[in-house]
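> Model the structure of this input:
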Amino acid sequence: MLVGFGLAKAEDFRLGQYHGFGPVAAQPVWLQIIEVYVVFDFIGYWSHRVFHRSRWWPFHAVHHSSEDLDWLSSVRVHPVNDLGSKFCQVTPFLLLGFSPLVTFSAAPFFTFYALFLHAAVDWDLGPLRGVIASPVFHRWHHSKDAAAWDKNFAGLFVFWDRFLWDLLHADGSAAGKLWHPGGVSERFSRATRAAVRAVREKAAGAGTRADNSRGNGILVNCQGQHSDDRR
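Presented below is the predicted three-dimensional model:
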């Protein structure tokens, strides 16, 4: 991607000499780490919210299909959800010139932290509970309690939820029963079928509109709609 945009040379990658570019790469590594991890978490927070919306929800519902929340729940995700989120989080930093080493270190860090967030332990991190997400904090996000729906999205820093009033029970109180909309295999299949159906509907709709408007040279794209069946 960087080579294609003319931001780096393939030879630099081959020789291991690419360390970013521009004023961003000239910053100390410790400062790049802070910037990357904070913004990486912020982008992840918003991509998480997006996947809770109707069009994207079928993919994320696979993750919410756990009947018992434990560390394995963190890797129970649909490929569209996983690849889409990681692409949105990593790409901006590479295009801005951040060190690829720093940028790519964020992905495994947040992956392992997600394992911790989903662990079946009643840890709330004590005095840090209002700053750093904990297993107790995140369990509310998976709760069947209607008051917990679309709350506690944060993957690391709790203040994203606090700023947007989407914070629930960060004081360490335990969540109620888990909300699991169908089994994982059922949800995985439904999300995949929904994606295939959307592509087919869009292709069919675009073809129909093209035929109807061929006389005046206008092509109108038709977008498929999906219902939000979370509730």
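> now this protein, which segments are flagged as low pLDDT?
The model of the chain has pLDDT under 70 over residues 1-20, 165-231.
> what about the helices in it?
All helices of the chain, identified by DSSP state H, fall at 10-14, 22-25, 29-50, 57-60, 79-96, 100-117, 135-141, 159-163, 184-212.
> Mind giving me the packing neighbours of the fourth one?
Helices and strands touching helix 57-60, by 3 or more CB pairs under 8 Å, 6 or more residues apart in numbering; DSSP states H and E, are helix 79-96, helix 184-212. (Each C-beta comes from the backbone N, C-alpha and C, glycine too.)
> list the buried ones in that helix?
57-60 (16 or more other CB atoms under 10 Å).
> Let me have those in a markdown table, adding distance to Glu35 as columns.
Listed next are the buried residues of helix 57-60 as a markdown table, based on distance: CB to CB, whole Å:
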| residue | distance to Glu35 |
| --- | --- |
| Trp57 | 31 |
| Pro58 | 34 |
| Phe59 | 29 |
| His60 | 27 |
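> just these now: which is nearest Phe159?
His60 (22.6 Å; CB to CB).
> Quick check: closest non-adjacent residue to the closest one.
Nearest residue to His60, sequence neighbours excluded (CB to CB, 6 or more residues apart in numbering): Phe51, at 3.8 Å.
> Burial check on Cys88, number of neighbours?
Neighbour count of Cys88, defined by other CB atoms under 10 Å: 15.
> repeat for Pro28
8.
> Need the phi and psi values for Val121.
Per-residue torsions, Val121: phi -130, psi 150 (degrees, to the nearest 10).
> didn't it look like it was pressed against Pro135?
Yes: between Val121 and Pro135 there is a contact under CB atoms under 8 Å: 5.3 Å.
> And for Phe51, the neighbour number?
By other CB under 10 Å, the residues close to Phe51 number 22.
> what's the nearest residue to Leu117 if we skip its chain neighbours?
In this structure, Leu117 finds its nearest non-sequential neighbour in His138, 4.3 Å apart by CB to CB, 6+ apart.
> Is the one you found in contact with Ala148, as I believe?
No: shown here, His138 and Ala148 do not form a contact pair, counting by CB under 8 Å, at 10.8 Å.
> okay, those two: which has more neighbours?
His138 (23 against 18).
> For the more buried one, list the residues it contacts.
117-118, 152 (CB atoms under 8 Å, 6 or more residues apart in numbering).
> Of these, which is the nearest to Ser74?
For the contacts of His138, the residue nearest Ser74 by CB to CB is His118; the value is 4.2 Å.
> Against Leu156, how distant is that closest one?
Taking CB to CB, to the nearest Å as the measure, His118 falls 14 Å from Leu156.
> And for Ser65?
From Ser65 across to Leu156, the span is 23 Å (CB to CB).
> same thing with Asp70?
20 Å.
> ditto for Val24
From Val24 to Leu156 the distance is 22 Å (CB to CB).
> who's more crowded, these two?
Higher neighbour count among Val24 and Leu156: Leu156, with 20 against 16, using other CB under 10 Å.
> Neighbours of Phe116, how many?
A count of nearby residues for Phe116, using other CB under 10 Å, gives 15.
> and the spatially closest residue to it that is not a sequence neighbour, how many neighbours?
In space, and not counting its chain neighbours, Phe116 is closest to Pro135: 6.8 Å by CB to CB, 6+ apart. Burial of Pro135 is recorded as 19 neighbouring residues (other CB under 10 Å).
> Surely Pro135 touches Ala114?
No: judged on CB under 8 Å, Pro135 makes no contact with Ala114 at a distance of 10.8 Å.
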